[in-house]
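In: Just a sequence and a predicted model for now, questions to come.
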Amino acid sequence: QVVLVESGGCPVQPGGTLRLSCESERLTLKHYAIGWFRQAPGKDREGISCIASSDFRPYYIDSVKGRFAVSRDNAKNTLYLEMNNLKPEDTAVYYCWARVIGSGDYWGQGTQVTVAS
């Protein structure tokens, strides 16, 4: 059963901007640790940004700091990832993630981001 649904991925030129969205009908996202992962072709899935349920101090990996910003709209129960100044090395499938204590990790189906001229 789908718990998290991502959207917003598409082809974009280098230097461009995209905003990814993650929604859930089953989870109230503000109650859980949530974030974004990505998996590039031939590489392992890596966590790029996450926020805890208790506060809103996002963590980012170095390669996206200053370019990506995560935000959460509690009224819409939606997590966003704003990606600016995109680079070809940002090409990957992007996944939304949530950790529910006592239940485990939940993943979306992924949304493809392709950065190319």
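Out: That came in fine, so what should we check first?
In: Give me the residues contacting stretch 12-20.
Out: 6-10, 36, 80-88, 94, 96, 111, 113-117 (C-beta atoms under 8 Å, 6 or more residues apart in numbering). For the C-beta atoms, the positions are set from N, CA and C on the backbone; glycine is no exception.
In: Looking at those, which are in strands?
Out: Members of the contacts of stretch 12-20 lying in strands (criterion: DSSP state E): 6-7, 36, 80-83, 94, 96, 111, 113-115.
In: Spatially central residue in the protein, please.
Out: residue 36 (2.9 Å; C-alpha atoms, centre = their mean).
In: Quick check: beta-bridge partners of that one?
Out: Beta-bridge partners of residue 36, counted by DSSP bridges, are residue 49, residue 96.
In: correct me, but it touches residue 49?
Out: Yes: with contact defined as C-beta atoms under 8 Å, residue 36 counts as touching residue 49 (4.9 Å).
In: that older thread, would you list the buried entries among the contacts of stretch 12-20?
Out: Buried members of the contacts of stretch 12-20, counted by 16 or more other C-beta atoms under 10 Å: 6, 8-9, 36, 80-81, 83, 86, 94, 96, 111, 113, 115.
In: Tell me how many other residues crowd the residue found closest to residue 72 once you drop the neighbours it is linked to in the chain.
Out: Spatial nearest neighbour of residue 72, excluding adjacent residues (C-beta to C-beta, 6 or more residues apart in numbering): residue 79 at 5.3 Å. Each residue near residue 79 was counted by other C-beta atoms under 10 Å, and the total is 27.
In: just residue 52 next, same as before
Out: Applying other C-beta under 10 Å, I find that residue 52 has 14 neighbouring residues.
In: Am I right that it is in contact with residue 33?
Out: Yes: Residue 52 is in contact with residue 33 according to C-beta under 8 Å; the separation is 5.2 Å.
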